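Novice: with the input below, show me the fold.
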Amino acid sequence: MIRRIRSVLRVRTRSGFLLVLLFGASFAAIPVCALLPSLWGFVAASALSYLTDEWLHGKEPEFIGRMAQLRLNRILRFLARTAMLLVLADRLDAPDNLVITGLIVCGAQSVLLMLYTALHRSIRLGRVLPVVVRNLHLSSIEIPKSPPGFLYDRYLRKLLHLDLPMHAGLLAGMVTGQWRLTEGGYGLSLLLPVLMLIALLGQFRRARRMPRRERIIEAVNLQLAEYRPQVALYFSFAAVSQDFMYQVNMWIETLEKLHLRPLIVLRERGAFRFLSRTHIPVVCVPKADDLAELELPDLRVVLYPGNAGKNVHMLRVAEAKHVFIGHGDSDKLASSNRVSKVFDEIWVAGRAGRDRYQRVRHAISNDAIVEVGRPQLEPIRMYAEHTPGPLPVVLYAPTWEGWSDDDCHTSLIPMGVRLVRMLLAQNVRVIYKPHPLTGRRSAKAAAADEAIRDLLRADNRKRDARATAAAVAAARPGLQDIQARLDELSGRNRTGDDAEQTRTGRIAGGDGAAEWQALHDEWHRIFWESRGAVRHNVILKSLPTLYECFNQADILISDVSSVVADFVASLKPYVLTNAGNLPDEEFRAAYTTAGGAYLLDRECTRLAEILDSVRAPWFDPMQPHRRSLKEYVLGPDTPTSMERFNHAVEALARKAEVQQWEQQSGGALPAPQWERHEEPEARAAFGWFRRDRDPAYFGW
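Specialist: Coordinates of the predicted model:
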């Protein structure tokens, strides 16, 4: 029952639910204390409602959003508290003129809030750029500095809290009978927002000097003309969730190793907050009309990690070849979707991907499918390099519930809680890493996810909790410091709005890559060492990464997803959940990655037997199947995936160049035209390219 209530209220944690109860109780007590009247009861209830309201904004933002949907937004809550304060003053026989003045002050504060909001909105809209960039230098246009944070950031919270002098003065007057305190409080509650409004007016005049849209696009085009991008990664998460940015981040390192010049094109402004570290130029163009005005004459290949409606805005570029590269190779529909027919080519990891598309009859041509491997899998350590710990480590990484109500899409709903209970009974160490979107659509999935976390927390308390908790606490400051530096290197901690970040942005160099990788490795070392060898871990954030969890695990339990296909690269044992209890032969025939998997039924009756493959590795009947499956799913080890990916990009770029030349000249492209060359000064202007590469790899 409590879980259902939490789900309806969108409260994800127990501590958050306790705060919600305190908040509700204190807010309900305010009118009661005002009408009784009870002065000290009102003071306590009002103070508690203030504090819990603030805490909930930080701890449970989804609950605050739910309250806003129910028309209980922050402005209404503050006005209700003030109204009840005036009711209390009237009930305690405060002077009528002070009560009336309080009403006037409250009304004046509302008017000032509306004026401030209108002015703030005008400044904010005026600072919205048609194109937001990273790793490009737009010094040629003068973008005004962002207004100071105390005037611009979270202004509504600050203005609403300026009712505190009024509340404190009126309550002090009722306690002491010194009504001058009340008058002083009224004056402060009016004077402070007036001063803030006057200060913001000065910022409004500066914001009116923002460059025009045409000038900004012209400046971006000048930078792109100097850089001359040849390959673009294009991505839109539409209105679904910013968490989908992992689909871009997984390709960044691969893009940085391309021989041709890459560019990242994003379509949603919120994407920058989730973009990982890169020195590749990035442009974010929310509107299709603005995207159409970007000049990319050298662009030859566009890569698409996802199928989104906004892809059509880039597919219109006829001079380039368009490729669906996906965000993982799995047996899900997304990895063999008929929609992929709109692309010139579809790049898959291995033969399994080709065969998957061939099953979509009369949709995808065999010639349009290219096997390029999975360049991202380099950090995954092989089974032979793995050192087992004192307890078997089981990584449980279920997928999310998807867009349909099929409860077998994720194992969480039909069997997740039962599976974790049985794992704990087997005395193993569990690393639980759910999909980032788990629980977003299904209340059942959210409840199962929370129940699993509760089980692991409870079992951790039995496993030398004091020593482990002390180590975790001791490591936390160091991890936070490293995380702050990683965010700085990736650009995630930049202050100000998009215009301010673009104003202060510069061309990135490659010097920070080594530091970033060293810090990344150090963060993981400290994290795993502090957790010890027996503690269960719930992984919800971007760090530790999925592949680092692979390296810690002895065995994976997951659903049909790209996680399994990637784990195959390690050659470690893995388990696929068969929540529908299909016959083994039917399940293996339906899902390619099941060829090397142990299959786990909904009741988990085979779990103990499966874990024997870890406890007694000589008894691992699926090992030879995993070895043959690896090449079938991910392709051969030589040439490397990066070499194959680079070759595929260059081959398709050449094809696009040849076709464009033939259309323009009516003849074949002369060989010398395709000799690669690039002016040293142009390469130096974007100096992050590796100097040790053959110069012939740069440019056409």
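
Novice: what pLDDT, on average, does the lengthiest helix in the chain get?
Specialist: What stands out as the longest helix in the chain, according to DSSP state H, is helix 96-126. For helix 96-126, mean pLDDT rounds to 93.

Novice: so how far is it off the chain centroid?
Specialist: Centre-to-centre, helix 96-126 and its host chain are 36 Å apart (CA atoms, centre = their mean, to the nearest Å).

Novice: give the pairing partners of the next helix or strand after it; include direction for each.
Specialist: Following helix 96-126 in sequence order, the next helix or strand is strand 132-134 (DSSP states H and E). Strand pairing for strand 132-134, using DSSP bridges, gives strand 282-284 (antiparallel).

Novice: name the residues that touch the strand it pairs with?
Specialist: By CB atoms under 8 Å, 6 or more residues apart in numbering, the surrounding residues in contact with strand 282-284 are 131-136, 220, 224, 263-269, 271-272, 275, 294, 498. Heads up, the C-betas are built off the backbone N, CA and C, glycines and all.

Novice: ok, Pro262 - contacts?
Specialist: With CB under 8 Å, 6+ apart, Pro262 has these contacts: Pro229, Gln230, Val231, Ala232, Leu233, Leu255, Glu256, Ile280.

Novice: and the residue nearest to the first one when sequence neighbours are not counted, how many neighbours?
Specialist: Going back to what we said before, that points to Pro229. In this structure, Pro229 finds its nearest non-sequential neighbour in Leu263, 3.6 Å apart by CB to CB, 6 or more residues apart in numbering. Using other CB atoms under 10 Å, Leu263 has 25 neighbouring residues.

Novice: report the beta-bridge partners for Leu263.
Specialist: Where Leu263 sits in a bridge, its partners, by DSSP bridges, are Ala232.

Novice: domain assignment for the chain?
Specialist: 2-129+145-207, 387-449+534-604 (automatic domain parsing).

Novice: and of those domains, who's closest to Gly373?
Specialist: Ranking those by proximity to Gly373 (CB to CB) places domain 387-449+534-604 first, at 9.8 Å.

Novice: chain center to that closest one: distance?
Specialist: 21 Å.

Novice: the closest residue to Gln552 other than its chain neighbours: what's it in contact with?
Specialist: Nearest-residue entry for Gln552: Val393, 5.7 Å, with adjacent residues in sequence omitted and distances by CB to CB, 6+ apart. Shown in contact with Val393 (CB under 8 Å, 6+ apart): Val428, Arg429, Val430, Ile431, Gln552, Ala553, Asp554, Ile555.

Novice: just confirm the fourth one contacts Tyr396, I think it does.
Specialist: The one in question is Ile431. Yes: using CB atoms under 8 Å, Ile431 is in contact with Tyr396, at 7.2 Å.

Novice: list the contacts for Ser26?
Specialist: Ser26 makes contact with Ala45, Ser46, Leu48, Ser49, Thr52, according to CB under 8 Å, 6+ apart.

Novice: ok, now Pro434?
Specialist: Ala397, Pro398, Trp400, Leu412, Asp449, Leu540.

Novice: next up, phi/psi of it, please.
Specialist: phi -80, psi 160 (degrees, to the nearest 10).

Novice: what separation is there between it and Ile452?
Specialist: Remark: distance between Pro434 and Ile452 (CB to CB, to the nearest Å) = 8 Å.

Novice: so what's in contact with the two at the same time?
Specialist: By the contact definition CB under 8 Å, 6+ apart, Pro434 and Ile452 are jointly contacted by Leu412.

Novice: perfect, that will be all.
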